[in-house]
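Enquirer: using only what follows, build the 3D model:
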Amino acid sequence: MGEKKKIISIGLLAAATCVFGATPNANPSDIGKAVVLEINGAKITLGDLEEKHSAALYPARNAYYDAERKILEGLAEQSLLEQQAKKEGLTVDKLLEKHVTSILPTDPSEEALRVFYEGLDSAQPFDEVRDKILDSIRQRRMAKAKSAYLSSLRKDSTIIIKLAPPRAPISMKDVALREVGSPQITVLEFGDYECPYTQQAQAVVAKLETEFKGKIAFAYKDFPLPMHPHAQKAAEATHCAAEQGKYWEFHDLLFDRKQLDEDSLKRDASDLKLDTAKFQACLDSGKTADIVQDQGSEASAIGVPGDPTFFVNGRSVGGSNTFERIGAVINEELSALSLQAASAKSTESRAPDGERSH
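Expert: Numbering: from 1, shown residues only. A predicted model of the protein is given here:
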């Protein structure tokens, strides 16, 4: 049998909020009752603040979570290096020298450096920036080699980050779900039908729905941007189509055809065999405009930076909107659900017969 995986468990299981005056062993219910504002005798508790302004607080919480997680990931990497260095009887510096520095390629030739320089938009002569170019190349190579080495160490380890992510309070009112079975995870996208980045992201969405079929539900909410003149009406049109049970068909057609003027929207309705008179009346009257407006306002309230932005069970997916990035968050959520189920089963199995659920 192979070597057992090393397990690194890093946990910060306390609530992801900072409470002034909170004691280390404070009861969560007592924390919620803490008075944080008093005006002429009227008191506002932390619980009131959390309940009434959770959307406004979410961006700050998420930024704090990202900072905490980045630190934890750094601690995990350092721990992996220290454990491996101990195993090989080396210092961490010697370990990196052996497995990283020693395998770096030789420095590029003068000719290669000049070719690199020619690709730069620099007014400085080559001789003045040569050393900076070389240092930059060395640093990139070192970072890439170190990352590859750490990835190899991770394969023989189990790293569990138990820091609970904040979850955005996203309403599911007027939101259609595309799902197979009864998945426990919802991937929600805020997007703009006229945004080229949202259009490009649909290939990622399609791959996610295929690879995680039966495990995720997909939802889409509108966040039309003001520089896109057709985005608002296109979004309204999807909700007009929803009144006739064809939301997803219309949604997909908009991304397939990328023709969003009103004549094209009405043609799409005809092609989908909708009641065109009813659809046109809905679109012309602006009947569904409030739905689009409410979803856009919600996006702004929770700090959505632009289109597209994805959430997995309310958890913001930061960074690039790649299949790998979103898929990694989905897998983390699936793992967390599995751990919860195993823990619940273990607890039930230890309970006296009379206390077990049936």
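
Enquirer: just the strands in the stretch 201-350 of the chain please.
Expert: 216-222, 309-312, 315-316 (DSSP state E, counting those that start in this stretch).

Enquirer: tell me which of those strands lies nearest to Asp294.
Expert: strand 216-222 (9.1 Å; CB to CB). Every residue, glycine included, has its C-beta placed from N, CA and C.

Enquirer: can you give the strand pairings for that closest one, parallel or anti for each?
Expert: strand 177-178 (antiparallel), strand 185-191 (parallel) (DSSP bridges).

Enquirer: could you dump it to CSV, C-alpha only?
Expert: Taking Å, rounded to 0.1, in the frame of the first residue of the first chain, the C-alpha atoms of strand 216-222 are listed here in CSV:
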residue,chain,number,x,y,z
ILE,A,216,-26.2,21.3,-9.5
ALA,A,217,-29.1,23.4,-10.4
PHE,A,218,-28.5,26.5,-12.6
ALA,A,219,-30.1,29.9,-12.2
TYR,A,220,-29.7,33.2,-14.0
LYS,A,221,-30.5,36.7,-12.7
ASP,A,222,-30.4,39.9,-14.7
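
Enquirer: contacts for that strand?
Expert: The contact list for strand 216-222 (CB atoms under 8 Å, 6 or more residues apart in numbering) reads 170, 172, 175-179, 183, 185-192, 205, 208-209, 235, 238, 251, 291-292, 295-296, 298-299, 330.

Enquirer: equivalent analysis for stretch 55-67, please.
Expert: Residues outside stretch 55-67 that contact it (CB under 8 Å, 6+ apart) are 16-18, 49-50, 163, 165-166, 168-169, 298, 301-303, 316, 318.

Enquirer: any idea how far that stretch is from the middle of the chain?
Expert: On the basis of CA atoms, centre = their mean, to the nearest Å, stretch 55-67 sits 13 Å off its chain's mean C-alpha point.

Enquirer: quick one: average pLDDT of that stretch?
Expert: For stretch 55-67, mean pLDDT rounds to 93.

Enquirer: kindly report the same for stretch 325-336.
Expert: Stretch 325-336 comes out at a mean pLDDT of 94.

Enquirer: any buried residues in that stretch, and which?
Expert: Residues of stretch 325-336 classed as buried: Ile326, Gly327, Val329, Ile330, Glu333, Leu334, Ala336 (neighbour count, 16 or more other CB atoms under 10 Å).

Enquirer: same check, this time on stretch 310-329
Expert: Within stretch 310-329, the residues that count as buried by 16+ other CB under 10 Å are Phe310, Phe311, Val312, Asn313, Arg315, Ser316, Val317, Gly318, Asn321, Ile326, Gly327, Val329.

Enquirer: from Ala123, how far off is Ala145?
Expert: According to CB to CB, to the nearest Å, Ala145 stands 33 Å off from Ala123.

Enquirer: the two - which one has more neighbours?
Expert: The neighbour comparison of Ala145 against Ala123 (other CB atoms under 10 Å) goes to Ala145, with 18 against 7.

Enquirer: how is the chain partitioned into domains?
Expert: Here the domain parsing of the chain from automatic domain parsing is 12-70, 75-161, 177-336.

Enquirer: run a quick neighbour tally on the closest residue to Lys173 other than its chain neighbours.
Expert: Spatially, and ignoring its direct neighbours in sequence, Lys173 is nearest to Asp294 (8.0 Å; CB to CB, 6 or more residues apart in numbering). Burial measure for Asp294: 15 neighbouring residues, criterion other CB under 10 Å.

Enquirer: what does Ala269 give?
Expert: 25.

Enquirer: report the outermost residue of this structure with respect to its centre.
Expert: Asp127 (43.8 Å; CA atoms, centre = their mean).

Enquirer: just the buried positions in stretch 274-284, please.
Expert: Leu274, Phe279, Gln280, Cys282, Leu283.

Enquirer: and those, which of them are in helices?
Expert: Residues of the buried residues of stretch 274-284 located in helices (DSSP state H): Phe279, Gln280, Cys282, Leu283.

Enquirer: low-scoring stretches of the stretch 201-350 of the chain, by residue?
Expert: 347-350 (pLDDT under 70).

Enquirer: my guess is Ile44 is in a helix, correct?
Expert: No: under the criterion used here (DSSP: H, G, I helix; E, B strand; the rest coil), Ile44 is strand, not part of a helix.

Enquirer: all the helices of the stretch 201-350 of the chain, residue numbers only.
Expert: Secondary structure of the stretch 201-350 of the chain, counting by DSSP state H, counting those that start in this stretch: helices at 231-242, 247-257, 262-271, 276-285, 289-301, 323-350.

Enquirer: which other residues reach the fifth one?
Expert: What that stands for is helix 289-301. Taking CB under 8 Å, 6+ apart as the rule, helix 289-301 contacts 55-56, 170-171, 173-174, 190, 221-224, 232, 235-236, 239, 309.

Enquirer: could you give me the ChimeraX syntax to select whichever of the residues you listed are buried?
Expert: In ChimeraX, a selection of the buried entries from the contacts of helix 289-301 looks like this (16+ other CB under 10 Å):
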select :55,170,174,190,221,222,223,224,232,235,236,239,309
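
Enquirer: from the contacts of helix 289-301, which is closest to Thr45?
Expert: Looking across the contacts of helix 289-301 and measuring by CB to CB, the closest to Thr45 is Ala56, at 16.6 Å.

Enquirer: quick check, the closest one in a helix?
Expert: Yes: counting by three-state DSSP, Ala56 is found in a helix.
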